[in-house]
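Trainee: dropping a prediction and its sequence here:
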Amino acid sequence: MEWEESMRCQSCGREGPAGDYCAYCGAHQVRHTANTANSARRAEKRPHFFAANPFEHLYHPSIVSTFFPHLSRQRTHQMRWLLFILALAVLLISAGRFVPLAILLAALLMPVLYLFYFFDAQIYGNEPLRILGATFLLGALLGGGMSVALYRFLLSQYHPGAGLNPTYLLLTSVALPLLAQVLMLVGPLILYLTRPRFDEVLDGLAFGAASGLGFAATQSIAYAWLLIIGPFQRTGPISTWALPTVRIALLTPLLDAATTGLICAALWLRRDPQPATRRLGALASWPVVLLLGALGQIAPPLLSSLLPGLVMQIIWYALTLLVLMLLLRRVLHIGLIEKARPLGHGQTLICPQCHHEVSDLPFCPNCGLALLSISRRMRRPLPAQPAQETTHE
Ligand SMILES: [Zn+2]
Ligand SMILES: [Zn+2]
């Protein structure tokens, strides 16, 4: 391949198009000023710039760029606003104590946004119904099914006022969350076994997250069913209704999406036939992510039982979600860097992050975006141009 200006990467030694990043290994090329000793450039492995969104720090706790990594920078901003406005609307409805409406909207908020993302990024390739069935629908069926099946049994085990009951605690804070995690993995595992062509780490995340979101939605609706069919407007302090709504709308679904997405991302890294440039590390191995997923499911309900209260519950869920999100970003980043590959069409395309025309190489040399994090809709090559001098910014 030929480029207007080329450079040799100081990290992998390959000759590629000139830019701030190596188009082959993604290493950040640090330019030194003239009075700096040694070479004019040196490369460093990129510990700070998230491979799916290089304008963000790797550990930026962003819900949108973590769970919707295929979105371009512009779409990420739009999705952030959409999420903020919808979450605020749900919060205001719950503050008005319109409880059935607030719970239903809260339970559906994240799944609807994720469905929009699924179609916008065309994650399903050319078989939308099968993929949606195996992820969202199966997750939702299993979530609702488990909750309905165990509802009466749980109620029979609950004896308020009798102090902390170890059996009930183990059941609701350990056994049920683990069972839920296993059920959330069923749909993605079917895809793992039957659809080998979806072999990218971000496919694993998307399938896992979709299953987790479907599961959380019907589970929340099943557990709150008596409130949903109750009076349309309730009385009492606003916090009694607003705080659980925050958990149903954001914390529970995102926690389920994070644990299932994390496990699936590591599984899909094993599936990806591209040989890794370096060892992927313990964090991206499936026994470690299974343990982390299990801990992520167990910690919030267990801590909420031991140190109860509506505010404390929000804190436990939010803290666990934060840790899981940062771990998830790390695994996605490792996968996108160490298993980077070109899209395969061998033409040029427009980088959706920085809008430069780039070759079909693993990374954009201008902004460092891993090309596998481009949505399938945006991967199309530019139409062939007549041979003439064209200038690009
Ligand atoms: Zn390189
Ligand atoms: Zn770019």
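Mentor: Structure received. Ligands and ions are numbered 1, 2, ... in the order given.
Trainee: so I248: helix, strand or coil?
Mentor: helix (DSSP: H, G, I helix; E, B strand; the rest coil).
Trainee: looking at it, it is touching T218, isn't it?
Mentor: No - with contact defined as Cβ atoms under 8 Å, I248 does not reach T218; the gap is 11.8 Å. Placement of C-beta: from N, CA and C, glycine included.
Trainee: pLDDT weak spots in the stretch 1-150 of the chain?
Mentor: 1-2, 31-47 (pLDDT under 70).
Trainee: hey, where'd the strands end up in it?
Mentor: 6-8, 15-17, 28-31, 41-44 (DSSP state E, counting those that start in this stretch).
Trainee: okay, the third one in PDB with CA atoms only?
Mentor: This points to strand 28-31. Taking C-alpha atoms only, strand 28-31 is exported to PDB below (Å, rounded to 0.1, in the frame of the first residue of the first chain):
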ATOM      1  CA  HIS A  28       0.500   6.200  20.300                       C
ATOM      2  CA  GLN A  29       3.400   7.900  18.600                       C
ATOM      3  CA  VAL A  30       4.700  10.600  20.800                       C
ATOM      4  CA  ARG A  31       6.400  13.500  18.900                       C
END
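Trainee: that older thread, higher neighbour count, I248 and T218?
Mentor: I248 (28 against 21; other Cβ atoms under 10 Å).
Trainee: tell me the contacts of the closest residue to the more buried one other than its chain neighbours?
Mentor: Closest residue to I248 apart from its sequence neighbours, by Cβ to Cβ, 6 or more residues apart in numbering: A106 at 4.2 Å. Going by Cβ atoms under 8 Å, 6 or more residues apart in numbering, A106 touches 90, 94, 220, 245, 248-249.
Trainee: swap in Y151?
Mentor: Going by Cβ under 8 Å, 6+ apart, Y151 touches 222-223.
Trainee: what helix or strand is it located in?
Mentor: helix 138-157 (DSSP states H and E).
Trainee: can you give me the mean pLDDT across the helix or strand that that helix is followed by?
Mentor: For helix 138-157, the succeeding helix or strand toward the C-terminus, using DSSP H and E, is helix 166-170. Per-residue pLDDT values across helix 166-170 average out to 89.
Trainee: which residues touch helix 166-170?
Mentor: Taking Cβ under 8 Å, 6+ apart as the rule, helix 166-170 contacts 157-159, 302, 305.
Trainee: now the element after that helix, going C-ward?
Mentor: On the C-terminal side of helix 166-170, the nearest following helix or strand under DSSP H and E is helix 176-194.
Trainee: buried residues, that next one. List them.
Mentor: Going by neighbour count (16 or more other Cβ atoms under 10 Å), the buried part of helix 176-194 is 176-177, 180-181, 183-185, 187-192.
Trainee: over to stretch 3-14?
Mentor: Those would be 7, 9-11, for stretch 3-14 by 16+ other Cβ under 10 Å.
Trainee: endpoints of it, how far apart?
Mentor: Terminal residues of stretch 3-14 lie 14 Å apart, using Cα to Cα, to the nearest Å.
Trainee: and what of stretch 160-175?
Mentor: By Cα to Cα, the extent of stretch 160-175 from end to end equals 20 Å.
Trainee: quick one: it to chain centroid distance?
Mentor: 32 Å (Cα atoms, centre = their mean, to the nearest Å).
Trainee: okay, buried residues for that stretch please.
Mentor: 171-173.
Trainee: which non-adjacent residue is nearest the residue of the stretch 101-250 of the chain found nearest ligand 1?
Mentor: Distances between the stretch 101-250 of the chain and ligand 1 by Cβ to the ion are smallest at V201, namely 19.7 Å. Using Cβ to Cβ, 6+ apart and skipping the chain neighbours, the partner closest in space to V201 is G335 (3.5 Å).
Trainee: the one you found: what secondary structure?
Mentor: With three-state DSSP as the criterion, G335 reads helix.
Trainee: centroid-nearest residue for this protein?
Mentor: Nearest to the mean C-alpha position of the chain, by Cα atoms, centre = their mean, lies F67 at 2.4 Å.
Trainee: if I look at that residue, how far off is A209?
Mentor: Noted for F67: a distance of 6 Å to A209, by Cβ to Cβ, to the nearest Å.
Trainee: what parts of the chain come near ligand 2?
Mentor: Applying Cβ under 5 Å from the ion, we find that the chain lies next to ligand 2 at 351, 353-354, 364, 366-367, 369.
Trainee: turn the residues you listed into JSON lines, columns for secondary structure.
Mentor: Converted to JSON lines, the residues of the chain next to ligand 2 look like this (three-state DSSP):
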{"residue": "C351", "secondary structure": "coil"}
{"residue": "Q353", "secondary structure": "coil"}
{"residue": "C354", "secondary structure": "coil"}
{"residue": "C364", "secondary structure": "coil"}
{"residue": "N366", "secondary structure": "coil"}
{"residue": "C367", "secondary structure": "coil"}
{"residue": "L369", "secondary structure": "coil"}
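Trainee: looking at those, which is nearest T259?
Mentor: Closest approach between the residues of the chain next to ligand 2 and T259, by Cβ to Cβ: L369, at 26.7 Å.
Trainee: what's near enough to touch the closest one?
Mentor: Counted by Cβ under 8 Å, 6+ apart, L369 has contacts 51-54, 351-354, 363.
Trainee: could I get those as TSV with neighbour count?
Mentor: Below are those laid out as TSV (neighbours: other Cβ atoms under 10 Å):
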residue	neighbour count
A51	26
A52	27
N53	27
P54	26
C351	22
P352	22
Q353	25
C354	20
F363	29
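Trainee: show me which residues of stretch 66-85 are buried.
Mentor: So, applying 16+ other Cβ under 10 Å, buried residues of stretch 66-85: 66-73, 75-76, 79-80, 83.
Trainee: what about L137, neighbour count?
Mentor: Neighbours of L137 (other Cβ under 10 Å): 15.
Trainee: just the element for the closest residue to it other than its chain neighbours, please.
Mentor: If the residues on either side of it in the chain are set aside, L137 comes closest to G214, at 6.6 Å by Cβ to Cβ, 6+ apart. Applying DSSP H and E as the criterion places G214 in helix 201-223.
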